[in-house]
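J.: Need a 3D model of the sequence below.
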Amino acid sequence: MSLAEVRARIDALDGELVRLLADRQILVRQAAGFKVDEQAVRAPDRVEQVVQAVRERAVDAGLSPDVAEAVWRAMIAAFIELELDEHRAGS
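T.: Presented below is the predicted three-dimensional model:
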């Protein structure tokens, strides 16, 4: 496989990831409707639960659990900010 082919496959995966993140965003917005305050949005216990589960899934899938954790923490932080912005706008 050439570098160009590897990059094309990465680009295709990136497209799939964007579609999956869009689906996740829809669900995050739905979940936001159940949350009454900033603490409920931040939900640190839930974040740790999700991260631990992702680390375990990563090991099973052959992905570095440290990479998985870093990606998920960044993603979760971005979605928390989205939720907080929407809560503030709705207040």
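
J.: what's the helix or strand for the closest residue to S64 other than its chain neighbours?
T.: Leaving aside its sequence neighbours, S64 sits nearest to A58 (Cβ to Cβ, 6 or more residues apart in numbering; 6.7 Å). From N, CA and C alone the C-beta is placed, and that goes for glycine too. Per DSSP states H and E, A58 falls inside helix 44-61.

J.: Could you list the buried residues of the next helix or strand after that helix?
T.: Downstream of helix 44-61, the first helix or strand assigned by DSSP H and E is helix 65-90. Buried residues in helix 65-90, counted by 16 or more other Cβ atoms under 10 Å: 65, 68, 72, 76, 79-80, 83, 87.

J.: Between the residues you listed, which sits nearest D45?
T.: Proximity of the buried residues of helix 65-90 to D45 was ranked by Cβ to Cβ; the top entry is I76 with 12.6 Å.

J.: The closest one: what's it in contact with?
T.: Counting by Cβ atoms under 8 Å, 6 or more residues apart in numbering, I76 makes contact with 47, 50-51.

J.: Try it again at 7 Å.
T.: Listed by Cβ atoms under 7 Å, 6 or more residues apart in numbering, the contact partners of I76 are 47, 50.

J.: Next: the one 4 residues further on.
T.: Contact partners of I80, counting by Cβ under 7 Å, 6+ apart, are 41-42.

J.: Any stretches of this structure with poor pLDDT?
T.: 91 (pLDDT under 70).

J.: what's the spacing between the residue sitting nearest the centre point of the chain and A68?
T.: In the chain, the centroid-proximal residue (Cα atoms, centre = their mean) is M75; its distance is 3.7 Å. Between M75 and A68 the computed distance is 10 Å (Cβ to Cβ, to the nearest Å).

J.: Just want the angle from the helix holding A58 to helix 65-90.
T.: 150 degrees (axes from the mean of the first three to the mean of the last three Cα atoms, to 10 degrees).

J.: who touches helix 44-61?
T.: 64-65, 68-69, 72-73, 76.

J.: hmm, try it at 6 Å
T.: 65, 68-69, 72, 76 (Cβ atoms under 6 Å, 6 or more residues apart in numbering).
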